[in-house]
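Student: Sharing a model that was predicted from the sequence below.
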Amino acid sequence: MGRPPAIGAVQLSTGTPRVVAAGGEAELDALTTAAGADVVELRADLFEEPRPETVTAALVRLRAAGRPIILTVRAAAEGGRPLDEARRHALYTAGLPHVDAVDLEIASGALVAEVVPRARATGRTVILSAHAFDAMPPEDALRAAIERAAELGADLTKIAALAGDAEELRRLLAVTLAARDRHVVTLAMGPMGPLSRLVLPAAGSLLTYGHVGRPTAPGQLGVAELAAELRRLYPS
């Protein structure tokens, strides 16, 4: 698929994992500083009042801090706050001019069809994601998700799945390694989550996520700790 994409000015590459600081409204102050982060992800679904004007104001503030921004309005079925599709669409539409990338679920078919073409037309990086909180899917299901994301226009495919033991982490590692030229981001949640954020980049995962206050997914490490460990393991 050629060279991995960039998110804003941050070029992605295998073997040099980039750190994303993830948070919502409560973490906005920490996201503006986020020592060790290369990119920030604003989870608009985590706002107390997720309105276009409040999310846009937060994005303008983050933009002034200088790091590239991913906008995510996570669906309730994949770990987000319950919001109807019209609200999610309005938040993506309002936020798009102020961000470098958007993250939508592969399963959000109608929203993907509306937001992805607009994002691509304006030069934004498109991340299409799938989350499995209850169990690690079979390898063929993980591979199918990567294929489907590519069909839908993804620049990056993000897969996050529960890994309860080393065998389940191995499954995700194998899929990542096989798809390392497909521009993937893979993360384990649960007991194997912290370890996954350190080892999956070796198989080709381009991004890894950390928190700046409270975790936005099970198994997240703090950004500062994560960045320090990655610098030690993957010296550039």
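Tutor: Cool, the structure landed. Given the structure is predicted, the values throughout are model-derived calculations rather than measurements.
Student: Now for the residue of the chain most remote from its centre: which residues touch it?
Tutor: Ranked by distance from the centre of the chain (CA atoms, centre = their mean), the top residue is E167, with 23.7 Å. With contact set as CB atoms under 8 Å, 6 or more residues apart in numbering, E167 has no partners. Bear in mind the C-beta positions are built from the backbone N, C-alpha and C, glycine included.
Student: How far off centre is whichever strand or helix holds it?
Tutor: Assigned by DSSP states H and E, E167 belongs to helix 166-178. On the basis of CA atoms, centre = their mean, to the nearest Å, helix 166-178 is displaced by 18 Å from the centre of the chain it belongs to.
Student: partner strands of whichever helix or strand comes after it, parallel or antiparallel?
Tutor: Proceeding N to C from helix 166-178, the next assigned helix or strand is strand 184-189, under DSSP H and E. Sheet pairing here is set by DSSP bridges, and for strand 184-189 it gives strand 156-162 (parallel).
Student: contacts for the strand it pairs with?
Tutor: 5, 12, 101, 103, 106, 125-137, 142, 145-146, 149-150, 168, 172, 175, 179, 182-190, 206-207, 217-218.
Student: What subset of these is buried?
Tutor: Using 16 or more other CB atoms under 10 Å as the burial test, the contacts of strand 156-162 include 5, 12, 101, 103, 106, 125-132, 136-137, 142, 145-146, 149-150, 168, 172, 175, 179, 182-190, 206-207, 217 as buried.
Student: need the contact list for L62.
Tutor: L62 sits in contact with L28, L31, T32, V40, L42, I69, where contact means CB under 8 Å, 6+ apart.
Student: The strand or helix carrying R61: which residues count as buried?
Tutor: R61 is part of helix 52-65, with elements assigned from DSSP H and E. Within helix 52-65, the residues scored as buried using 16+ other CB under 10 Å are T54, V55, T56, A58, L59, L62, R63.
Student: now do stretch 89-103
Tutor: Here stretch 89-103 shows 89-92, 94-96, 98-103 as buried, counting by 16+ other CB under 10 Å.
Student: Can you get me the start-to-end distance on that stretch?
Tutor: 12 Å (CA to CA, to the nearest Å).
Student: Make 49 the starting number, not 1.
Tutor: Happy to do that; since the first residue is 49 now, the last one works out to stretch 137-151.
Student: So what touches that stretch?
Tutor: 55-56, 87, 89-90, 92, 98, 100-101, 103-104, 107-108, 111, 116-122, 131, 152, 159, 162-163, 166-167, 170, 172-177, 203-204, 206.
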